[in-house]
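Colleague: Next comes the sequence, and after it the predicted model I'd like to discuss.
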Amino acid sequence: MTSAFSTTLPVARSAGAPVAGESAAGGPDLGEPAAGDPAAGDAAAVERCARQIAAAVDAVLAELDGLRAAAAGCWARAAAEGRRPAAAELAVVHGVVSELLARPGSRWFGCGTVVAPGALADADLHVEWWYRGARGAGERRLRLALDPADAEFYDYRVLPWFARPRDEGRAAVAGPQVDLLCADRYVLCCARPVVVPSAGFVGVVAGDVPLAALERLLVPPLRALSGDAALLDGEGRVLAATTPALPVGSLARGLLADPAAGRAGVPSAAVDWAVVRG
């Protein structure tokens, strides 16, 4: 069949590289289509691929559970004493971050806790974040300008990975974006809300994952489809693809509306992604 990728829309390209995969992520089996119905078979395959990708996304987010528990414990202990924690008390999460970064095969480039305004006793805005140093230099603490009067003020309150967990009470995966602060590469920021019964929403735990590190999870389900296939975010930006015609980070919005392309939304509440098959 003619690929929708080659007939529908010129792709606006940005910096990136073709992706390559390794082992497939697990996912639920949607069953076999009715015999003699190739269209149903194609649709079922795309749905199956989308569910496998959702399972991979949710598994990555679950790796932040220990970090979220450590952060929530700071507020729970302080609340038991009738107070809010001080910023210094959040240093307890460093051990969990170190374990995440050092774990064999870890996908995480940087992790930490980002605090909601007013949740601490002695700081309105606060970030406890560490990332991998270059060339095996070990961990580095991320330093940000968090004073609104500073010309380089980093207002994380308006960024999707913070705002969506705050406003919607659910995990969020934001990007791809070029992380100029730490990695100078395409990353996804994965975040989960931290909610404490005695204090409500107190911030998020989050981590940056280079998009290239997720290829072994995202690409194999796409390769199982016939023809070219791609994973797009809600803006039509390419997260992964089986064709070099769609480099990571490029825009392919027309594929989301192309009636010739098979499509399925990725059924994870953390993302607004879609699998598209040409």
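Modeller: Now that the structure is in, tell me what you want to look at.
Colleague: what secondary structure does Val60 sit in?
Modeller: Secondary structure for Val60, judged by DSSP: H, G, I helix; E, B strand; the rest coil, is helix.
Colleague: what about the strands in the stretch 51-200 of the chain?
Modeller: 110-115, 127-132, 139-141, 172-178, 186-196, 200-210 (DSSP state E, counting those that start in this stretch).
Colleague: Parallel or antiparallel, list what pairs with the last one.
Modeller: So the one you mean is strand 200-210. strand 110-115 (antiparallel), strand 186-196 (antiparallel) (DSSP bridges).
Colleague: Using a markdown table, please lay out those together with distance to Glu63.
Modeller: To be clear about C-beta, it is placed using only N, CA and C from the backbone, and glycine gets the same treatment. Below are those laid out as a markdown table (distance: least, Cβ to Cβ, whole Å):
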| stretch | distance to Glu63 |
| --- | --- |
| strand 110-115 | 9 |
| strand 186-196 | 9 |
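Colleague: Ala45: what's it in contact with?
Modeller: Ala224, Leu225, Ser226, Arg277 (Cβ atoms under 8 Å, 6 or more residues apart in numbering).
Colleague: From those, keep the buried residues only.
Modeller: Listed as buried from these are Leu225, Arg277; burial here means 16 or more other Cβ atoms under 10 Å.
Colleague: how about the contacts of Ala45 in CSV, adding pLDDT, secondary structure and distance to Asp150?
Modeller: Shown next, in CSV, are the contacts of Ala45 (pLDDT from 0 to 100; DSSP: H, G, I helix; E, B strand; the rest coil; distance: Cβ to Cβ, whole Å):
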residue, pLDDT, secondary structure, distance to Asp150
Ala224, 94, coil, 49
Leu225, 94, coil, 48
Ser226, 89, coil, 53
Arg277, 91, strand, 47
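Colleague: Out of the strands paired with strand 200-210, which one sits most buried?
Modeller: Comparing the strands paired with strand 200-210 by mean neighbour count (mean count of other Cβ atoms under 10 Å), strand 110-115 comes out on top with a mean of 25.
Colleague: roughly how far is it from the heart of the chain?
Modeller: Distance of strand 110-115 from the chain centroid (Cα atoms, centre = their mean, to the nearest Å) equals 14 Å.
Colleague: residues making contact with that strand?
Modeller: Here strand 110-115 makes contact (Cβ under 8 Å, 6+ apart) with 64, 67, 71, 87, 90, 93, 97, 100-101, 123, 125-132, 142, 156, 162, 182-183, 191, 194, 202-208.
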